[in-house]
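**Q** Show me the folded form of this:
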Amino acid sequence: MNKINFKTGTIIPPELMNALQNPSFTNDEEEAGHLPLPPNYGKKVQVFNTENRAVDLSTASSGFAVVIHHSSSLSGEPETVTIDGVGGTGANTILLVTRGTDYPVIVSLPQNSVSRKEISIKGGSSVLLTFFSYGAAYVWKYYELETNPVAMTDTGWKSFDLGGVGQSFVKIATLTIPKGYSAIVKIKGIATTTGDIGTVVDYIFQAIDANNNEERCTMSVVRTDSNGEFLPSRTSETNPRNDDFEGYLVIPPLSTPAQRSVDLKIKTSIGAPRTGVKCRALLYKANLDTTLLA
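**A** Residues are numbered from 1 along each chain as shown. As a prediction, the model looks like this:
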C-alpha cells in the first residue's frame, strides 16, 4: 500500500504495519516498506553465469561485470563462449572466469551487427576484456590471466657483420641472462666466398659462459652461386658462393640461479668466408625439475 501522511487522529491500518514489517528494495518510493538503494549502487560488480556456453549482458547496469563459465569438458578440445549484450550504459569491462577442467576457451565478442572477434585463452586461464567504439564497431582489448604465467623478454633480431669467420670461434655478441632465467637463442646468417677456399660443410654455433657451461648447435648450409643457383657439394669452389644457415640453442638455467654472461660464437668447418649473422634471444623464467631424469 502507499505511504500515509499522518496527522493527529489518523488511523493506522493493518496493511501499513504489515508493509513496514516486510521492507523491500523493489518497492516504489511511494510505497510503505520502501528501502532506498545504497549510494553508487549502479557501479556495483554484477555476476553472470553462462548458459549453453553463452551470456547476455544487456541487463548489466554497471560498468563492470564478472562472467563465470563452468564446464565438465574432459576432451581438451576448445570451447567457444559467446558474449552479447554489451555497449550502451551496460558493462564495458568484463572478467571472464573459467571453472572446471583446464580446457582452452575461444571467446566470441561482437564487433558490429554482422561481424565478431574471436580470441583464444589457454586452459585454466581467465581473461579481462574491455572495448571502445571506433567508427561503427567495437575494438576489443584483453589481458589473459594465466594460471602459471611465464615471464619472458624478447631481445628482437640484432645484426652483426663478423668479417672473415674461420675454423676458430669468432664472438658474435654477449647475452646477459638474469638470475633464474633460461634462454632460447635463434641465429641465421649468410656467408659469402669469392675464392677457392674449399666447400664449407657446416657452421657451429656456440654459447659459453665464464664457467665453461657450453651449448652447441651444428648448422648445415644451403650453397648457391652468384646467380642464386644451388651448387652440389665439392671439394672446392672457385665461383662466388653464398652459404645460408640457421639454427638455435636452448640455454638451461643454472642449478644455482645466478645472473650470468654468455658469449655467443660461431666458426666454420673450412676456409674463412665473410659472414653476417642475425641473433635473437627469448629469455624466460624457468626452474630445473630434477624429477624429469629420475
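**Q** From now on I want contacts and neighbour counts done on CA atoms only, so please keep to that.
**A** Noted.
**Q** so where's the stretch 1-150 of the chain uncertain?
**A** Scanning the stretch 1-150 of the chain for pLDDT under 70 picks out 1, 40-43, 72-76, 88-89, 147-150.
**Q** which residue is nearest the centroid of this protein?
**A** With distances taken as C-alpha atoms, centre = their mean, Glu144 lies nearest the centre of the chain, 6.9 Å away.
**Q** Leaving out sequence neighbours, find the closest residue to it.
**A** Val127 (4.4 Å; C-alpha to C-alpha, 6 or more residues apart in numbering).
**Q** same deal with Ser159?
**A** Nearest residue to Ser159 in three dimensions, chain neighbours excluded: Lys278, at 4.4 Å (C-alpha to C-alpha, 6+ apart).
**Q** Is that neighbour bridged to anything, and to what?
**A** Beta bridges link Lys278 to Ser159, Lys188, judged by DSSP bridges.
**Q** For it, give me its contacts.
**A** Each residue near Lys278 by C-alpha atoms under 8 Å, 6 or more residues apart in numbering is listed here: 157-160, 187-189.
**Q** Are any of those residues buried, and if so which?
**A** By neighbour count, with 16 or more other C-alpha atoms under 10 Å, the contacts of Lys278 hold 159, 187-189 as buried.
**Q** from the residues you listed, which single one is nearest Glu15?
**A** Ile187 (84.5 Å; C-alpha to C-alpha).
**Q** Might one say that that closest one is in contact with Arg280?
**A** Yes. At 6.6 Å, Ile187 and Arg280 qualify as touching, with contact defined as C-alpha atoms under 8 Å.
**Q** distance between the helix or strand harbouring Trp140 and the chain's centre?
**A** Using DSSP states H and E, Trp140 sits within strand 137-145. On the basis of C-alpha atoms, centre = their mean, to the nearest Å, strand 137-145 sits 13 Å off its chain's mean C-alpha point.
**Q** what do you get for stretch 269-278?
**A** For stretch 269-278, the distance to the chain centre is 36 Å (C-alpha atoms, centre = their mean).
**Q** Which neighbouring elements make contact with the helix or strand that contains Ala65?
**A** Secondary structure assignment for Ala65, by DSSP H and E: strand 64-71. For strand 64-71, the elements it packs on are strand 46-49, strand 93-100, judged by 3 or more C-alpha pairs under 8 Å, 6 or more residues apart in numbering; DSSP states H and E.
**Q** got TSV for those, with distance to Ile12 and mean neighbour count too?
**A** Shown next, in TSV, are the helices and strands packed on strand 64-71 (distance: least, C-alpha to C-alpha, whole Å; neighbours: other C-alpha atoms under 10 Å):
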stretch	distance to Ile12	mean neighbour count
strand 46-49	39	16
strand 93-100	49	19
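**Q** which one of these lies closest to Val250?
**A** strand 93-100 (33.4 Å).
**Q** Output that closest one as PDB, nothing but the C-alphas.
**A** Taking C-alpha atoms only, strand 93-100 is exported to PDB below (Å, rounded to 0.1, in the frame of the first residue of the first chain):
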ATOM      1  CA  THR A  93      34.800  -4.200 -18.700                       C
ATOM      2  CA  ILE A  94      34.300  -7.900 -18.300                       C
ATOM      3  CA  LEU A  95      36.200 -10.500 -16.300                       C
ATOM      4  CA  LEU A  96      35.600 -14.000 -17.700                       C
ATOM      5  CA  VAL A  97      36.400 -16.700 -15.200                       C
ATOM      6  CA  THR A  98      36.600 -20.300 -16.300                       C
ATOM      7  CA  ARG A  99      35.900 -23.100 -13.900                       C
ATOM      8  CA  GLY A 100      36.200 -26.800 -14.300                       C
END
